[in-house]
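Student: Turn this into a model:
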Amino acid sequence: MPRWRALPDELDPQVREFAEQLRRIVDRTGLSVAAVADRTGYSRTSWERYLDGRLLAPKGAVVALAEVTGTPPVHLTTMWELAERAWSRSEIRHDGTMEAVRISRARAAPGEFGPPPGGPEGGGRKGRGRKGGAGRGGAGRIAVTPGIAGPAGGSPAMPPSRDPRAPDGGAPGAGPGPGPRRTTMFLAGLVGVVTVVVGAFLLTDGGDPKQAVGSTGPSSPASAGPSTPLPSGVLCSGSACTGRDAEEMGCSGGLVTTAKSATVGTTLVEVRYSRTCGAAWGRITQAAQGDGVRVTVGSVRQTGAVTVAGDTIAYTPMVAVKSAADATACAVLASGQQGCTP
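Tutor: Residues are numbered from 1 along each chain as shown. Model (predicted):
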């Protein structure tokens, strides 16, 4: 039975070459994956993902592997840089494909907002008729205007009395001049202005309409510009990291520091902290099967444990923190001994 699984077919050639190089280094030294994890400080599960091509190893893990195996680090880190760029390009292509799919689906939903303005049902120019003639619009007005008589196209006669429905009181003998049209256009414009003001009012969650239209006052946090983009390979920050794996989310490697530590028996327990991700987690090393670790931030708690014989490292999922000082990590050993960081 071969030692390694087949690498995924969709891997970029540079990523594939890098993963194969890592496998050759491990094979040359004769170390097991558990031994590599123990000596480098990265978990066995993580190394399995790195060596199977399911996750790109962080630079810190690559440097640690070079140190424990006696491999010149310069060539290996150069290969990592090329693989990291290829990995990033693959993620960008994937994100672009998904965005195109979303746009296509959005455009495939016609008719959500009714017919376009200016169409036959929207009161376009066709209904006005030709100037000086009896177009469709003109004929329509002649048919519905009370008291109008006379042949089509001629000057319609009006009753001798004043018609209060006519424009400006309806002077005797006056035809249906532009008054109704101006009134209609004025009302349409007024409705448009009201619609804009009400829409702006609703978009500001019921705030002051003066601030919704033309306000120069301070903007709310929701209207501020986009947050600072995360570095390449980092997939979460703050509360979005809670409950997630630090290495899978790109929060470990060169982005992590040990904020606190304590020794419980022969086991080292640490608070690991990534300022970039705004998160912390607990880790134990030199541990044994059955030993556990937990990290606590306020009322939030995450736990992890060594579950496989031969593993000596375990870590918890992340918890969002404002400062590393907010987190406390504790080791709970299978022997019953416990201890926590300050």
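
Student: where in the stretch 201-342 of the chain is pLDDT low?
Tutor: 201-227, 253-254 (pLDDT under 70).

Student: where do the helices sit along it?
Tutor: In the stretch 201-342 of the chain, the helices defined using DSSP state H, counting those that start in this stretch lie at 209-212.

Student: all strands of it, in order?
Tutor: When assigned using DSSP state E, counting those that start in this stretch, the strands of the stretch 201-342 of the chain occupy the ranges 256-264, 267-274, 279-285, 292-297, 300-305, 314-315, 319-320, 328-332, 338-340.

Student: quick one: E10 and T285, what's the gap?
Tutor: Relative to T285, E10 is positioned 34 Å away (criterion: Cβ to Cβ, to the nearest Å). All C-beta atoms are positioned from the backbone trio N, CA, C, and that covers glycine.

Student: Mind checking which of these two has more residues around it?
Tutor: T285 (20 against 9; other Cβ atoms under 10 Å).

Student: Please name the residues that touch the more buried one.
Tutor: 41, 267-268, 270, 312-313 (Cβ atoms under 8 Å, 6 or more residues apart in numbering).

Student: As TSV, the residues you listed with distance to G70 and neighbour count would be great.
Tutor: Shown next, in TSV, are these (distance: Cβ to Cβ, whole Å; neighbours: other Cβ atoms under 10 Å):
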residue	distance to G70	neighbour count
G41	17	16
T267	28	23
L268	25	17
E270	26	23
T312	21	21
I313	22	24
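
Student: Show me which of the residues you listed is closest to W87.
Tutor: Set against W87, the nearest of the contacts of T285 by Cβ to Cβ is G41 (22.0 Å).

Student: need the contact list for the closest one.
Tutor: Contacts for G41 (Cβ under 8 Å, 6+ apart) come out as 64, 285, 313.

Student: Tell me the spacing between the second one and S43.
Tutor: Taking Cβ to Cβ as the measure, T285 and S43 are separated by 10 Å.

Student: Equivalent analysis for the first one, please.
Tutor: Relative to S43, A64 is positioned 12 Å away (Cβ to Cβ).
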